[in-house]
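In: how would this look folded up:
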Amino acid sequence: MKLCRFDLISSPGTVRSGVVYSGKIYETDGSNPVAVHEASDSRLLSPVGLAPSFRLFEPWVAGSDWSTMSEGQAAIADLSFAYLNSATIVGTHTELAPFHTSDEISFKPCLTAIVSAFGTNVMPEDAELHILGVTLANVFFARDQNRIERMRGYPPSRSHDVGIALGPAITTPDELEETTIQDLGGRRYKLIVTATVNEEEVFRFDTDDLPITLTDAICFASTTAGVRSGDVIAITLGEPNLRSPLKSGDEIRVTCDWLGTLASRVG
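Out: I've put the predicted structure just below:
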């Protein structure tokens with residue numbers, strides 16, 4: 001299933017929940033069907049409201065050492081993440097606020113899990129039970145501020161306050177069975193994620209190449225504050241090859257055949 005939150009163009013601001021299927025949105029009250037809407041009459045919102053937390057794992061950051069991995073099992077002791085501002089999360093087809101603090105804005109496509117239930121010290125064999133589903137995230141950041149933070153040894157948090165796009169919907173694990181590879185690090189998805197800026201492809205990534213899995217990330221995240229329903233766990237897939245920083249009017253689309261398209265526009 002593809003779970004979503006949405007409102008109707010004719011009734012903006014009234015948040016509804018439902019399932020996306022075959023060009024329609026089937027509205028539910030959480031368990032029972034309520035109505036059927038044409039996708040053209042609806043507007044998808046972030047599939048999570050105000051997330052309790054947004055954790056960003058960046059396995060590609062210089063200095064990360066994955067030499068101790070064995071047969072796809074991530075070296076959990078080497079993992080780290082940053083907490084980002086979940087109040088900046090928006091849904092697909094959303095215009096981001098204009099960038100006033102930096103002229104060097106870029107983005108990082110992410111493979112993302114939405115947590116389904118509370119857990120602390122989650123074991124690998126139990127981690128998949130804590131995944132409600134998988135979606136895309138696109139984390140926008142200021143390159144100049146990011147360099148300063150890393151140089152000073154700070155986690156990359158403030159530089160990512162530019163905005164986070166999430167969606168378009170939450171795809172439940174059963175719908176991804178054909179893409180699943182099981183290894184010692186847990187369920188691994190073989191998905192191709194691409195990104196375009198103004199219809200020009202600037203990024204392509206096979207998620208099978210990730211050095212960690214979403215279950216690795218959930219296990220590690222749960223060892224401190226724990227994880228809870230609605231938490232967002234994102235793993236960056238790298239950075240796009242941009243000819244120049246993003247500017248007002250740019251259209252950014254992150255796409256995966258199995259997860260949909262997450263579109264954003266710079267204000």
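In: which residue packs closest to residue 196, ignoring adjacent ones?
Out: residue 253 (5.0 Å; Cβ to Cβ, 6 or more residues apart in numbering). Using the backbone N, CA and C atoms, a C-beta is placed for each residue, glycine as well.
In: and the one you found, what does it touch?
Out: 195, 196, 261, 262, 263, 264 (Cβ atoms under 8 Å, 6 or more residues apart in numbering).
In: partners of it in the sheet?
Out: residue 196, residue 263 (DSSP bridges).
In: could you check the distance from it over to residue 41?
Out: 22 Å (Cβ to Cβ, to the nearest Å).
In: Parallel or antiparallel, list what pairs with the helix or strand containing residue 137.
Out: Element membership of residue 137, judged by DSSP states H and E, is strand 131-142. Strand pairing for strand 131-142, determined by DSSP bridges: strand 105-115 (antiparallel), strand 163-171 (antiparallel).
In: Which one of those strands lies nearest to residue 208?
Out: Smallest distance to residue 208 across the strands paired with strand 131-142 (Cβ to Cβ): 10.7 Å, for strand 105-115.
In: With just CA atoms, put that closest one into CSV.
Out: The C-alpha trace of strand 105-115 is given here as CSV (Å, rounded to 0.1, in the frame of the first residue of the first chain):
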residue,chain,number,x,y,z
ILE,A,105,22.1,25.8,-1.8
SER,A,106,22.2,22.1,-2.8
PHE,A,107,20.3,19.0,-1.8
LYS,A,108,20.7,15.4,-0.8
PRO,A,109,18.2,12.7,-1.9
CYS,A,110,17.6,10.1,0.9
LEU,A,111,16.1,6.7,1.3
THR,A,112,13.8,7.0,4.3
ALA,A,113,12.0,4.8,6.8
ILE,A,114,9.0,5.9,8.8
VAL,A,115,8.9,4.3,12.3
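In: chain center to that strand: distance?
Out: Using Cα atoms, centre = their mean, to the nearest Å, the distance from the centre of strand 105-115 to the centre of the chain it belongs to is 4 Å.
In: what does stretch 13-26 give?
Out: 20 Å.
In: Any idea how far stretch 88-107 is from the middle of the chain?
Out: 15 Å.
In: What residues sit buried inside that stretch?
Out: 88-94, 96, 99, 102, 104-107 (16 or more other Cβ atoms under 10 Å).
In: just stretch 128-146 next, same as before
Out: For stretch 128-146, the neighbour count (16+ other Cβ under 10 Å) marks 128, 130-143, 145-146 as buried.
In: returning to that earlier point: out of the buried residues of stretch 88-107, who's nearest residue 227?
Out: Using Cβ to Cβ, those come closest to residue 227 at residue 89, 16.8 Å.
In: The closest one and residue 47 touch, don't they?
Out: No: between residue 89 and residue 47 there is no contact under Cβ atoms under 8 Å: 9.7 Å.
In: between the two, what contacts are shared?
Out: By Cβ under 8 Å, 6+ apart, the residues touching both residue 89 and residue 47 are residue 166.
In: Let's test this: what are the backbone torsions at residue 208?
Out: phi -70, psi -20 (degrees, to the nearest 10).
In: pLDDT at it, what is it?
Out: At residue 208, the model reports a pLDDT of 92.
In: The closest residue to it other than its chain neighbours: what's it in contact with?
Out: Closest residue to residue 208 apart from its sequence neighbours, by Cβ to Cβ, 6+ apart: residue 190 at 4.3 Å. Contact analysis of residue 190 by Cβ under 8 Å, 6+ apart lists 179, 180, 181, 206, 207, 208.
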